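Q: show me how the following folds:
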Amino acid sequence: MPTDSPARPVLLAFLGASNLARGYTALSHFLARGLAPHPVECLAAMGPGRGYVASGGLWNITYPPIAQCGLLEAVRERAASGRNVAAFVTDIGNDIMYGVPADEIIGCLDKIFQTFDAVAGQVLVTPIPLDLEKDIGPGTFRRLRALYFPRSQVTLAQATRAVNEINAFIRTCRLARVHPLEGMEAFRGFDKIHYAVLRNAPAWTRVGEEMLHLFQARPRFPRRIGCGRMLHSFGCNAGRLIFMDALRLRQRPGALY
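A: Take a look at the predicted model:
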């Protein structure tokens, strides 16, 4: 952690879709422990099927695009008070299946990266951990499209080109504060999209450790996310989905966009 202030507040922003929604509670707890005694505030835009450019969701749930949900504006406002800022950007790809052209997705990501760069914020970003040509054949692609994106008409060839273009942009980004996180494909499950249930804990431990490195912070206990903490995170996600997003019996807290 930079030494200009011994307890300088930290602002963490999390942007993603279903994987992030499952791991958010565990990851935010891990980081709060690891960054102590610095006060940590977390903002998040996440949810299954969520897009960065297009509206998306699951069942009767529709989320606004991440780039337009108010999170970036909140980051700019809070960063003005002198917080250390970092972001985790992940689950990029739903927009492809919603038919958004790759150049629009890249433009959106560039806007997000520039927003954090303008407030001296570090960004950890995962390229799309999927090689469609090697990992998924035409038949599997059609089945996954029917399962997760039943209205999509995007072809395997179109999706492949878009993934390659977006990943190339992420990996060649010239902003010094943008850090691609490679290798997350090792934690994927059978559908090649979501982390396998038993691999979530090590996956989010790795993300947490990389986020702490952005602050030059040494990990504190717990040094890893355990299975119990991961199950709790799954439960919190289920509660948000059912009671906040689907049934709307509970109001979403202000930190969730």
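Q: all contacts plus neighbour counts: C-alpha atoms, from now on.
A: Fine.
Q: quick check: closest non-adjacent residue to Tyr24.
A: Ser233 (6.8 Å; C-alpha to C-alpha, 6 or more residues apart in numbering).
Q: shouldn't that neighbour be within a helix?
A: Yes: per DSSP: H, G, I helix; E, B strand; the rest coil, Ser233 lies within a helix segment.
Q: for the lowest-mean-pLDDT helix or strand in the chain, what is the distance to the chain centroid?
A: When each helix and strand of the chain is scored by mean pLDDT, DSSP states H and E, helix 132-135 comes last, with a mean of 88. Put simply, helix 132-135 sits 22 Å off its chain's centre (C-alpha atoms, centre = their mean, to the nearest Å).
Q: for this protein, just list every one of the helices.
A: Counting by DSSP state H, the chain has helices at residues 18-35, 71-79, 94-97, 102-118, 132-135, 138-148, 156-171, 200-214, 227-239.
Q: mean pLDDT lowest where, among those helices?
A: Among the helices of the chain, helix 132-135 has the lowest mean pLDDT, at a mean of 88.
Q: circling back to that earlier point, can you get me a residue count around the residue nearest to Tyr24?
A: Other residues near Ser233 number 21, with proximity taken as other C-alpha atoms under 10 Å.
Q: OK, contacts around it?
A: Going by C-alpha atoms under 8 Å, 6 or more residues apart in numbering, Ser233 touches Arg22, Gly23, Tyr24, Thr25, Ala26.
Q: just the residues you listed now: which is nearest Ala45?
A: Ala45 has its nearest neighbour among the contacts of Ser233 in Tyr24, at 10.3 Å by C-alpha to C-alpha.
Q: nearest to Gln158, of the contacts of Ser233?
A: Of all those, Gln158 sits closest to Arg22, with 28.4 Å by C-alpha to C-alpha.
Q: my read: the closest one touches Arg240, true?
A: No: taking contacts as C-alpha atoms under 8 Å, Arg22 lies outside contact range of Arg240: 10.3 Å.
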